[in-house]
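Colleague: Next come a sequence and a model predicted from it.
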Amino acid sequence: MYYLPYNKNLRDFSRYLRKNSTLSEILLWNELKNEKMLGYQFNRQKPIHRYIVDFYCKKLNLVIEIDGCSHGFEEVYLNDIKREEILKSIGLKFLRFDDMEVKLNRNNVLRVIEDYIKNFEEEKSVL
């Protein structure tokens with residue numbers, strides 16, 4: 001079985017982030033929790049490697065990130081790219097959504113996630 005690197009020093013901060021979620025994170029979490037998304041289990045504010053990701057599904061090896069207004073700054077954007085490259089190098093896949101998209105067009109966000117899962121299941125059934 002494959003285990004992702006886990007930094008236990010991030011555990012308290014990830015709990016803090018869960019207790020202080022943004023509106024977009026809460027809205028999306030309400031759609032993902034309790035295996036509501038096609039029966040897949042997601043975690044939120046999950047420590048992986050030396051980072052904390054917004055949402056993670058182990059079965060899909062999928063990270064979902066919500067980018068707020070701070071992600072518009074060049075330094076934050078460049079850090080996001082570096083972070084994503086590192087996490088992809090350990091086998092993770094990414095879906096990234098804008099904060100306003102989650103708030104204003106949640107049905108589209110959910111459709112993108114569902115499509116990702118359906119494609120994953122189709123590829124898995126072919127193998």
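Modeller: Happy to help now that I have it. For clarity, every value in this text was computed on a predicted model and none was experimentally measured. Numbering: from 1, shown residues only.

Colleague: Every contact and neighbour count from this point should use C-alpha atoms.
Modeller: Fine.

Colleague: buried ones in the biggest helix by length in the chain?
Modeller: The single longest helix within the chain, with elements called by DSSP state H, is helix 106-126. The neighbour-count check on helix 106-126 (16 or more other CA atoms under 10 Å) flags 106, 109-110, 113, 117 as buried.

Colleague: Same list (the residues you listed) but as CSV, adding pLDDT.
Modeller: As requested, the buried residues of helix 106-126 are arranged in CSV below (pLDDT from 0 to 100):
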residue, pLDDT
Arg106, 97
Val109, 98
Leu110, 98
Ile113, 98
Ile117, 98
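
Colleague: which one of those is nearest Gln45?
Modeller: Gln45 lies nearest to Ile113 out of the buried residues of helix 106-126, by CA to CA, at 17.7 Å.

Colleague: OK, contacts around the closest one?
Modeller: Leu95 (CA atoms under 8 Å, 6 or more residues apart in numbering).

Colleague: Which pLDDT value goes with Asp80?
Modeller: Looking at Asp80, its pLDDT reads 86.

Colleague: Which is the succeeding secondary structure element to whichever strand or helix holds Leu27?
Modeller: For Leu27, the host element (DSSP states H and E) is helix 23-32. Downstream of helix 23-32, the first helix or strand assigned by DSSP H and E is strand 43-48.

Colleague: Partner strands of that following strand and their direction?
Modeller: Paired neighbours of strand 43-48 in the sheet (DSSP bridges): strand 51-57 (antiparallel).

Colleague: No further queries at this time; thank you.
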